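Asks: I would like to see how this sequence folds:
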Amino acid sequence: MALRRLVRQAIITLAILTALTVILMAASDIAITLNAKGRVYKDVDVLPKRQVGLVLGTSKYIGKTSNPYYTYRIEAAEALYHAGKINHLLLSGDNAHRSYNEPWTMKRDLRKAGIAEEAIHLDYAGFRTLDSVVRAKTVFSLARFTVITQQFHCERALFLADVNDIDAICYAVPSPRGWAGTKIRAREILARTKAVLDSFILNVKPKFTGPKAPIDGLSNR
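Replies: As a prediction, this is how the structure comes out:
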């Protein structure tokens with residue numbers, strides 16, 4: 001009888017924990033989506049002008065195939081720059097080892113697209129969205145900017161910006177459709193839950209916080 005009671009209690013406890021986890025994940029997903037409402041743009045013409053565009057990094061290739069997430073972000077950065085919607089680009093990504101350098105790869109492609117050298121700034125410690133968004137403020141002294149990435153990523157980036165008192169808007173680029181898009185969306189729910197926990201429970205900070213490297217003449221703009 002005692003064993004049966006313990007098993008029943010364990011099942012009930014597990015069911016409660018599972019339900020709470022599902023509620024937390026759903027609440028995080030919905031809240032982050034609603035929080036970004038009115039600040040995510042898809043039309044270049046209506047996008048407000050800001051001095052700096054923060055391009056969130058990703059790999060250029062998936063295996064030997066071009067990564068559409070990367071391609072869309074680079075094309076958008078180029079379009080916004082040439083349309084006069086941004087004057088500077090902060091390219092933030094992972095520089096995990098010598099043969100993998102997201103910021104430098106983005107810079108190379110944007111220079112080929114005619115973006116001026118002096119308009120490009122690199123953040124080699126953008127290991128995750130939190131790092132990229134927060135370091136834009138703490139390292140590069142930017143209190144307001146336009147994030148450039150996919151819609152789902154925009155919403156999470158804006159949430160992290162709000163938590164850290166940053167005035168951000170986002171230009172949403174296309175997302176791949178089909179099974180690839182479905183898998184990314186499922187992963188995003190987990191990422192949003194982690195973003196909420198990191199912000200309000202775990203108090204997670206960027207891996208590297210300095211030294212400061214303000215973009216000349218653009219502090220707090």
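
Asks: alpha carbons only for contacts and neighbour counts from here, please
Replies: OK.

Asks: residues in contact with the helix or strand harbouring Arg108?
Replies: Assigned by DSSP states H and E, Arg108 belongs to helix 102-112. Contacts to helix 102-112, defined as C-alpha atoms under 8 Å, 6 or more residues apart in numbering, come from residues 57-60, 74, 78, 91-95, 117, 120, 122-124.

Asks: in the helix or strand harbouring Ile189, what's buried?
Replies: Ile189 belongs to helix 178-197 when assigned by DSSP H and E. By neighbour count on 16 or more other C-alpha atoms under 10 Å, the buried set for helix 178-197 is 188-189, 191-196.

Asks: Closest to Ser141 out of the residues you listed?
Replies: When the buried residues of helix 178-197 are compared for distance to Ser141 (C-alpha to C-alpha), Ala195 wins out at 22.4 Å.

Asks: What average pLDDT does the longest helix along the chain get?
Replies: Ordering each helix of the chain by length in residues (DSSP state H) puts helix 2-35 first. For helix 2-35, the mean pLDDT works out to 94.

Asks: thinking again about what came up before, what comes up buried for the helix holding Arg108?
Replies: 102-107, 110.

Asks: Among those residues, which one sits closest to Phe208?
Replies: Pro103 (15.8 Å).

Asks: just to revisit the earlier point, downstream neighbour of the helix holding Arg108 in the secondary structure list?
Replies: Taking DSSP H and E, what comes next after helix 102-112 is strand 120-123.

Asks: chain center to the helix holding Arg108, what's the gap?
Replies: 18 Å (C-alpha atoms, centre = their mean, to the nearest Å).

Asks: Same question for stretch 89-106.
Replies: 15 Å.

Asks: which of the residues in stretch 29-48 are buried?
Replies: Applying 16+ other C-alpha under 10 Å to stretch 29-48 flags 29, 31-33, 36, 39-41, 44, 47 as buried.

Asks: got the end-to-end distance for that stretch?
Replies: 26 Å (C-alpha to C-alpha, to the nearest Å).

Asks: What of stretch 109-127?
Replies: Start-to-end, stretch 109-127 (C-alpha to C-alpha) is 20 Å.

Asks: do the same with stretch 132-150
Replies: Using C-alpha to C-alpha, first and last residues of stretch 132-150 are 15 Å apart.

Asks: quick one: average pLDDT of the helix or strand encompassing Ala77?
Replies: Element membership of Ala77, judged by DSSP H and E, is helix 68-82. For helix 68-82, the mean pLDDT works out to 97.

Asks: Now do it: which elements does it pack against?
Replies: strand 52-56, helix 102-112, strand 144-150, strand 167-173 (3 or more C-alpha pairs under 8 Å, 6 or more residues apart in numbering; DSSP states H and E).

Asks: Could you list the buried residues of the last one?
Replies: Right, the one you point to is strand 167-173. 168-173.

Asks: want to throw those residues into a markdown table with pLDDT and distance to Arg4?
Replies: Converted to a markdown table, those look like this (pLDDT from 0 to 100; distance: C-alpha to C-alpha, whole Å):
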| residue | pLDDT | distance to Arg4 |
| --- | --- | --- |
| Ala168 | 98 | 55 |
| Ile169 | 98 | 55 |
| Cys170 | 98 | 55 |
| Tyr171 | 98 | 56 |
| Ala172 | 98 | 54 |
| Val173 | 97 | 55 |
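
Asks: Export those to CSV and append columns for distance to Leu142.
Replies: Output for those, formatted as CSV (distance: C-alpha to C-alpha, whole Å):
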residue, distance to Leu142
Ala168, 10
Ile169, 13
Cys170, 15
Tyr171, 17
Ala172, 20
Val173, 22
